[in-house]
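>>> dropping a prediction and its sequence here:
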Amino acid sequence: MPRGNNEVYLTFDDGPHPTITNFILEELRKVNAKATFFCIGKNADANPQVLHQISKEGHTIGNHTFSHLNGWKSSFDAYKSDVQKCEDVFKSKLFRPPYGRMSLRQFFLIKRNYKVVLWDVLALDYRHELIAEDCINIVMANTRDGSIITFHDSEKAWPRLKIALPVILNQLISQGFSLKAIPDS
């Protein structure tokens, strides 16, 4: 993302989740931050009220496939169908491949209709062997102006996220960063 404005871009993958995503929204409100939520279609379909709340609060939403398909382990047609199935649940111009993986052919198909968004800072909040302090240290040591930081609004990440996110948000703000959503246009 652009540099020179002391901005970082917060992203959350795998939701929406009825309680975890609401916790994230509350923490973002506390510090007047915006974020981008890369939603799995089946989770968005199951939690339409949470999806609506994300948008209502001024955050952006991106396609993360319908069922969290790994592009390297999926046929072209299956991947294409899963992306479209997510698009049928909600519209977005942003796309993030699950695991950051897709074939070159899948990429060229996706980039026709979407802005493909990866990251440069991964909180690793989904890793069971880590503790919240590890996630805090990873994010704070690697974030710089223009960084895209990825967290997860999932049960797998929850034990670390619930502790790490408020600390990270406050530390980023104390370092003078503006916390932004990725524009969806």
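Thanks, I have the structure now.

>>> show me where this protein has its strands.
Using DSSP state E, the strands of the chain run over residues 7-13, 36-39, 60-63, 94-95, 115-116, 121-122, 148-152, 178-180.

>>> and the longest one, what's buried?
Residues of strand 7-13 classed as buried by neighbour count (16 or more other Cβ atoms under 10 Å): 8-13. Heads up, the C-betas are built off the backbone N, CA and C, glycines and all.

>>> what separates Asp173 from Lys30, distance-wise?
For the record, residue 173 is Ile, not Asp. 10 Å (Cβ to Cβ, to the nearest Å).

>>> next: Ser185.
The gap separating Ser185 from Lys30 is 27 Å, by Cβ to Cβ.

>>> the two: who's more crowded?
The neighbour comparison of Ser185 against Lys30 (other Cβ atoms under 10 Å) goes to Lys30, with 11 against 6.

>>> quick check: the more buried one vs Phe23, distance?
Distance of Lys30 to Phe23, computed by Cβ to Cβ: 11 Å.

>>> repeat that for Ala35.
Ala35 sits 13 Å away from Phe23, going by Cβ to Cβ.

>>> how close does Ala78 sit to Phe38?
With distances taken as Cβ to Cβ, Ala78 is found 19 Å from Phe38.

>>> compare these two (neighbour count), which wins?
Set Ala78 next to Phe38 and count neighbours by other Cβ under 10 Å: Phe38 wins out with 27 against 13.
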